[in-house]
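**Student:** sequence first, then the predicted structure:
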Amino acid sequence: MSQSSLPQAAMQDHAAFLAQRHDFQTDIDRIAGSDTVGTILETVMLATNMRFAAVARVTAERWVACRTVDEVNFGLAEGDEIDIESTFCQIVRTSAEKVLFNDSGTDDIYKDHPIARKFGIVSYASIPIYRSDGSFFGTLCAIDTEPRDVKDARVVAMLEMFADVIGRSLETEERLEAQEHNLAHEKELARLQDELVAVLGHDLRNPVAAFSAGIRQLEREPLNDKARMILPLMRSSLYRMNDLISNIMLHARARLGGGIRVTLTPDAPLADAVRQVVEEIRAAEPESTINLDLTLTRPVACDAPRVAQAVLNLLSNAVRHGTPGSPIEVRGHTGESEVSITVSNRGLAVPGDLRDKLFHPFQRGTHAEGEGLGLGLYIAATIAEAHNGQIGVTCEGGTTTFAFTLPLTAPAA
């Protein structure tokens, strides 16, 4: 789908918005000026792998872009308007239902749909945005010219949450605009800008912090046999919750910042960093046996905390998917030009058709049981890539091994 294949701008366009004379100027200003909405659109693209995302103002007669992130060069910017009949958003407005399809060539409902066919739309998501009073505002859209999995339940839940956040932020903005520009106004604007972080972080981290404090208090008290058995299970759950939250936030920062950034240290304390995360897992998972064998005999130029985080994610994956009672082996050694750290566990082999997808976000094994979003291996792979290294997986004789390798020396500037 090229820019020229889009319907021509009708009535008004980006120039009208820049000139402050657009019919929907206030709505566009609110969305275009919101840091929260910008973060949401970037995260939508990251979560769906789609290359175009937008918030649109939709009425019975008009479709107007209020904010876009465009990596496909559709050529739509704030204020640009297209024929409402050329969009699926009219269906969303009239039916009050979201429109989702992974592949317009095979979808049961939208196969060979004239809109998709005319404009080369292959995968599509459109979620209605409502103000808190129930009035329809528009849609949160994501589009690509290639098949994408947008119907995954976790992705759909995220899109619906983001649409709700946008709707509520619109009402808040409207309320603030009716007030005097005072200190309370500025504080509320700052709160709105951080709303996404609050939704993803505050509502999760605060209960987890309270949970952790409660466990620490219990560990100081006399415990009966049943409590001593339950407490390690609580600690394990706490560790997994913290791991999930950290992965979500690092994943978002990596996308918004153009990738995970690393700071290379010429002779990094890599062995100490790996030992520390192994001890963390041992403490969090006392029923798991983790054997550690490190022979890092040469200096390694790396970001030791980031590499340790990758190993932590590999270990978490091994604990989660390995055969209970079977030991997990962590080995590290230095060769002539690279360092290799492997994590091995006994268990079901990863199917061949899934191995290439394991290192993509929101991908999990076929036997996963709903603990996590499938971000750990993706983050580990991203950390390896940031070091000009790589990560791979092999399954032989009932043992699955993830190998994390990176150069011994930093690349030339």
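**Tutor:** Looks like it arrived, so ask away.

**Student:** what about residue 384, distance to residue 272?
**Tutor:** 20 Å (CB to CB, to the nearest Å). (Each C-beta comes from the backbone N, C-alpha and C, glycine too.)

**Student:** more crowded one of those two?
**Tutor:** Using other CB atoms under 10 Å, the more surrounded residue of residue 384 and residue 272 is residue 384, with 22 against 12.

**Student:** surely the more buried one is in a helix?
**Tutor:** Yes. Judged by DSSP: H, G, I helix; E, B strand; the rest coil, residue 384 forms part of a helix.

**Student:** how much space is there between residue 221 and residue 20?
**Tutor:** 65 Å.

**Student:** same check, this time on residue 102
**Tutor:** From residue 102 to residue 20 the distance is 40 Å (CB to CB).

**Student:** those two: who's more crowded?
**Tutor:** More crowded of residue 102 and residue 20, by other CB under 10 Å: residue 102, with 19 against 8.

**Student:** residues contacting the more buried one?
**Tutor:** 123, 147, 148, 149, 150, 151 (CB atoms under 8 Å, 6 or more residues apart in numbering).

**Student:** wasn't residue 217 part of a helix?
**Tutor:** Yes. With three-state DSSP as the criterion, residue 217 is part of a helix.

**Student:** for it, the count of nearby residues, please.
**Tutor:** Other residues close to residue 217 by other CB under 10 Å number 9.

**Student:** which residue packs closest to residue 49, ignoring adjacent ones?
**Tutor:** Of all residues not flanking residue 49 in the chain, residue 148 sits nearest, at 5.2 Å (CB to CB, 6 or more residues apart in numbering).

**Student:** which residues does residue 62 contact?
**Tutor:** 11, 24, 81, 84.

**Student:** angles on the backbone of the second one, please.
**Tutor:** The main-chain torsion angles of residue 24 are listed as degrees, to the nearest 10 and equal phi -110, psi 30.

**Student:** cool, the last one as well?
**Tutor:** Recorded main-chain torsions at residue 84 are phi -60, psi -30, according to degrees, to the nearest 10.

**Student:** quick one: it from residue 66, how far?
**Tutor:** Counting by CB to CB, the gap from residue 84 to residue 66 is 15 Å.

**Student:** so what's residue 200 scoring on pLDDT?
**Tutor:** pLDDT, residue 200: 51.

**Student:** still on that earlier bit, and residue 84 and residue 66? Which one has more around it.
**Tutor:** Neighbours were counted for residue 84 and for residue 66 using other CB under 10 Å; residue 66 has more, 26 against 19.

**Student:** that one: what secondary structure?
**Tutor:** strand.

**Student:** for it, give its distance to residue 136.
**Tutor:** Residue 66 is 14 Å from residue 136, by CB to CB.

**Student:** ok, residue 316 next?
**Tutor:** From residue 316 to residue 136 the distance is 42 Å (CB to CB).

**Student:** look at these two and report which has more neighbours.
**Tutor:** Remark: of residue 316 and residue 136, residue 316 carries more neighbours, 26 against 17, as counted by other CB under 10 Å.

**Student:** from memory that one sits against residue 380, does it?
**Tutor:** No. If you go by CB atoms under 8 Å, residue 316 and residue 380 don't touch, sitting 9.7 Å apart.

**Student:** related to what we said a few turns ago, if any of the contacts of residue 62 are buried, give me the ChimeraX selection for them.
**Tutor:** The buried residues among the contacts of residue 62 can be selected in ChimeraX (16 or more other CB atoms under 10 Å) with this line:
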select :24,81,84
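
**Student:** closest one of the contacts of residue 62 to residue 40?
**Tutor:** residue 24 (19.3 Å; CB to CB).

**Student:** which residues touch that closest one?
**Tutor:** Contacts of residue 24 (CB under 8 Å, 6+ apart): 57, 62, 64, 66, 79.

**Student:** adding distance to residue 215 and pLDDT, write those out as a markdown table.
**Tutor:** Output for those, formatted as a markdown table (distance: CB to CB, whole Å; pLDDT from 0 to 100):
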| residue | distance to residue 215 | pLDDT |
| --- | --- | --- |
| 57 | 48 | 94 |
| 62 | 55 | 90 |
| 64 | 51 | 93 |
| 66 | 45 | 93 |
| 79 | 53 | 91 |
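
**Student:** export the residues you listed to a markdown table and append columns for distance to residue 167.
**Tutor:** Listed next are the contacts of residue 24 as a markdown table, based on distance: CB to CB, whole Å:
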| residue | distance to residue 167 |
| --- | --- |
| 57 | 12 |
| 62 | 19 |
| 64 | 17 |
| 66 | 13 |
| 79 | 21 |
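
**Student:** all helices of the stretch 251-400 of the chain, in order?
**Tutor:** 270-284, 304-321, 352-355, 376-386 (DSSP state H, counting those that start in this stretch).

**Student:** tell me which of these lies nearest to residue 345.
**Tutor:** helix 304-321 (3.9 Å).

**Student:** show me where the stretch 101-250 of the chain dips below the pLDDT cut-off.
**Tutor:** 173-207, 209-210, 236, 239-240, 243-244, 246-250 (pLDDT under 70).

**Student:** quick one, helices of it?
**Tutor:** Using DSSP H, counting those that start in this stretch, helices in the stretch 101-250 of the chain cover 114-119, 153-177, 183-193, 195-197, 203-219, 225-256.

**Student:** list the buried residues in stretch 161-177.
**Tutor:** 162, 163, 164, 165, 166, 167, 168, 169, 170, 172, 173, 176.

**Student:** and what of stretch 282-297?
**Tutor:** Quick answer for stretch 282-297 (16+ other CB under 10 Å): 284, 285, 288, 290, 294, 296.

**Student:** and of these, the nearest to residue 322?
**Tutor:** For these, the nearest to residue 322 is residue 288 (7.9 Å; CB to CB).

**Student:** show the backbone phi and psi for the closest one.
**Tutor:** Here residue 288 shows phi and psi, under degrees, to the nearest 10, equal to phi -100, psi 140.

**Student:** check residue 59 too.
**Tutor:** According to degrees, to the nearest 10, residue 59 has phi -120, psi -180.

**Student:** ok, it - how many residues close by?
**Tutor:** What residue 59 shows, counting by other CB under 10 Å, is a neighbour count of 15.

**Student:** from here on, count from 546
**Tutor:** Let's use 546 as the start, then, which means that last one is residue 604.
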